[in-house]
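Q: sequence first, then the predicted structure:
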Amino acid sequence: MKNEEVIDRILQFHPDIPDYDGCDGYKSGNPSDECTGVVSALVPTVDVIRKTAELGCNLLVTHEPIYYQTPDYPEWKGEFENRVYDEKKALLERYGITVWRDHDHIHAHQPDLIFKGVVKYLGWEAYELKARREIPLYYALEIPPVTVQELAELLMDRLGMNGIRFVGRPGDVIRRIAIVAHLYPQPGDEIREDGYYRDYSSQIMRQMEEEDCIDAVIPGEIIEWTLLSYIHDAVSLGKAKACFNIGHYNMEELGMRYAADWIKELLCEEVPVHYVQTEQYFTYMQRREMDKI
């Protein structure tokens, strides 16, 4: 089986995106090479590339960009020399690894396969509530009651995180959770003709204000001045609310763990398939209060 035959099966599995002109596609290597094995990983980092080679695989299916630029060109487009890019490219060539990006297509499924993987590997499939379809990338769950601190520890454990930032009182009990998309401003966030301002954050805020309200959110990315400030003020007013800022990559990591499952099914064990976790970028250092003299 050639690398391109593997990718063809993946594309046949994904929903069709007519006249597609996005960021998915080959980023490195030779599609016509015989496939020795597939690795599914969130980010094609140098460490992931090395582990792919150690596993004897030469096809790397990733979700996030390879060469540090948002359009994700398969070569460096900066106006200056980038020695890190040069060395990474040389590493891929030395190992003979083909990299194919699966971002827009994997998100095109209903339900979104990245978020489906997050819910699956957090162990929350049985707790999903009826979707509010007017809110994109919004997954509400009612889990067994848990404290804010216990949920933070669970997220760290199941996502393999070195640390976690959260807003909320550690002892508050929560049960209704929403896994949501990135909270940064979007084009079109403005006051409408009816005089109301409506954006993604305010839609989630509304769910936290309803009678059967959401207690906590787990977003991919945050800005501080919208939903996060609302949750901070709610906590200050004595309400059991919380936000767990796990980060974009940690949010979607389990989606690519799940991708290894369905890629394995598509290939019917004709070639080996592995999941490689992207190593944590951050080391967390916490300030310790010095003993008062």
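A: Alright, I've got the coordinates. Numbering: from 1, shown residues only.

Q: so, low pLDDT: which residues of the chain?
A: 131-133, 187-189, 289-293 (pLDDT under 70).

Q: residues in contact with stretch 155-169: which ones?
A: Applying C-beta atoms under 8 Å, 6 or more residues apart in numbering, the contact partners of stretch 155-169 are 121-123, 148, 152, 174, 216, 218, 228, 231-232, 235, 240-246, 250, 253-254, 277, 280, 282-284, 286. The C-beta positions use only the backbone N, C-alpha and C, and glycine is treated the same way.

Q: report the distance from stretch 60-75 to the chain centre.
A: Relative to the chain's own centre, stretch 60-75 is displaced by 15 Å; criterion: C-alpha atoms, centre = their mean, to the nearest Å.

Q: I meant to write stretch 48-64 there.
A: The mean C-alpha position of stretch 48-64 is separated from the chain mean by 18 Å, C-alpha atoms, centre = their mean.

Q: also stretch 61-78?
A: 17 Å.

Q: measure residue 115 to residue 86 for me?
A: To residue 86, residue 115 is 36 Å away according to C-beta to C-beta, to the nearest Å.

Q: all strands of the stretch 51-200 of the chain, in order?
A: In the stretch 51-200 of the chain, the strands defined using DSSP state E, counting those that start in this stretch lie at 59-62, 98-101, 138-147, 165-167, 173-180, 190-191, 197-198.

Q: list the contacts for residue 117?
A: Counting by C-beta under 8 Å, 6+ apart, residue 117 makes contact with 254-259.

Q: skipping its backbone neighbours, what lies nearest it in space?
A: residue 258 (2.7 Å; C-beta to C-beta, 6 or more residues apart in numbering).

Q: before we move on, which element is that neighbour in?
A: Per DSSP states H and E, residue 258 falls inside helix 248-267.

Q: with residue 4 instead?
A: Residue 4 belongs to helix 3-13, assigned by DSSP H and E.
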